[in-house]
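Peer 1: give the three-dimensional model of this entry:
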Amino acid sequence: MSEEDITGVFTFFDKNNSGTITGADAGNALRTLGKAPSEEQLKELVGGKSKIDLSAFREMVQKADDPTFDEVSEAFATFDTNSNGYIQLKELLNLMKNLGEGLPQDVLDKLSVLAEPDADQLVNYRRLVDIIMKDL
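Peer 2: Residues are numbered from 1 along each chain as shown. Here you go, the predicted model:
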């Protein structure tokens, strides 16, 4: 991930332009960058600070755990209502648009191509996770 990504996410969460983010926002900011710190690791990274500046946030990004293939697959499996390894493309896009901060339409459009749905518009989410994880 680039310095631009880190700075952009930090700036997004710096809602009052103070040059700091809250300890509570740090976890969401890290997750936005694709990190997957446990609650325990997050407490350790924040270290009880109420405010975190960009320099401290950069250090947190370097130390925070990346998600594993199994963790990401489990997250998608939650929405696999038939337990067959597939999710409807429409459902996948709806989730990505409406959960958390949500993805913008241009990213959703790219995701629908990347997901390679079959003729029934089903997405093999394990294959999608494999593709996504290669970019992390």
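Peer 1: which ones are touching residue 125?
Peer 2: 73, 76, 77, 80, 85, 86, 87, 92 (CB atoms under 8 Å, 6 or more residues apart in numbering). C-beta: built from backbone N, CA, C; applies to glycine.
Peer 1: which among the residues you listed count as buried?
Peer 2: Using 16 or more other CB atoms under 10 Å as the burial test, the contacts of residue 125 include 73, 76, 80, 86, 87, 92 as buried.
Peer 1: now render the contacts of residue 125 as CSV, adding pLDDT.
Peer 2: Compiled in CSV, those are given as follows (pLDDT from 0 to 100):
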residue, pLDDT
73, 91
76, 90
77, 92
80, 92
85, 94
86, 96
87, 95
92, 92
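Peer 1: quick one: the strands in this structure, in order.
Peer 2: 20-22, 51-53, 86-88, 122-124 (DSSP state E).
Peer 1: figure out which of these is closest to residue 28.
Peer 2: When the strands of the chain are compared by CB to CB, strand 20-22 sits nearest residue 28, at 9.1 Å.
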